[in-house]
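In: Everything below, folded, please.
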Amino acid sequence: MDLSRIDEVEELLEEIVEDIPEKYFDHLNGGIVLEEGVMYHPQDINKTMLVLGLYKIDATGRQIAIFYGSFMQMYGFLPREALKEELKKTFCHELTHHLEFLAGNYDLVEEDRRDIEKFLKDEMR
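Out: Down below sits the predicted model:
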């Protein structure tokens, strides 16, 4: 895997996080992690549905993961500022999952579920 832009992506992610009020990170005890690999949605047997980010809750806590490999596969050709904008969209999406979970609201989970179902249905055509 080409890791030539991983430092740049990490720096962009840090810039994005710095612009968000700290209170939104309450209870995100697993932090924000930039994973090197590519991740595909587990239900997508054709490996065409990239997962760019993930909000994880497990026994160790709550964490936001951003998948560098997935970003490079989808957006690696973009210049710095355009890549930052795509990272910001994904990060804010995952942060919204965190905030909704804390509030007991699962609207975004349902929206994601519908989008995934549609993608998988369209892929089978």
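
In: In the chain, which residue is most central in space?
Out: Nearest to the mean C-alpha position of the chain, by CA atoms, centre = their mean, lies residue 53 at 1.6 Å.

In: my read: that one touches residue 89, true?
Out: No: the criterion here is CB atoms under 8 Å, and residue 53 misses it with residue 89 at 9.3 Å. Where C-beta positions appear, they are placed from N, C-alpha and C, glycine not excepted.

In: Which elements pack onto the helix or strand of the chain with the lowest mean pLDDT?
Out: Ranked by mean pLDDT, DSSP states H and E, the helix or strand of the chain with the weakest confidence is helix 107-123, at a mean of 94. Contacts defined by 3 or more CB pairs under 8 Å, 6 or more residues apart in numbering; DSSP states H and E place helix 107-123 against helix 80-103.

In: Now the helix it packs on: buried residues?
Out: 83-84, 87-88, 90-91, 93-95, 97-99, 101 (16 or more other CB atoms under 10 Å).

In: and it with helix 107-123, angle?
Out: Angle of helix 80-103 versus helix 107-123, following axes from the mean of the first three to the mean of the last three CA atoms, to 10 degrees, is 120 degrees.

In: what about the nearest residue to residue 86 once chain neighbours are set aside, neighbour count?
Out: Using CB to CB, 6 or more residues apart in numbering and skipping the chain neighbours, the partner closest in space to residue 86 is residue 75 (5.0 Å). Using other CB atoms under 10 Å, residue 75 has 17 neighbouring residues.

In: what residues are up against residue 75?
Out: Contacts for residue 75 were tallied using CB atoms under 8 Å, 6 or more residues apart in numbering; they are 82-83, 86.

In: Reformat the buried residues of helix 80-103 as CSV; add distance to residue 61 and pLDDT.
Out: Formatted as CSV, the buried residues of helix 80-103 follow (distance: CB to CB, whole Å; pLDDT from 0 to 100):
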residue, distance to residue 61, pLDDT
83, 28, 98
84, 27, 98
87, 23, 99
88, 24, 99
90, 20, 99
91, 18, 99
93, 20, 99
94, 15, 99
95, 15, 99
97, 14, 99
98, 11, 98
99, 15, 98
101, 12, 97
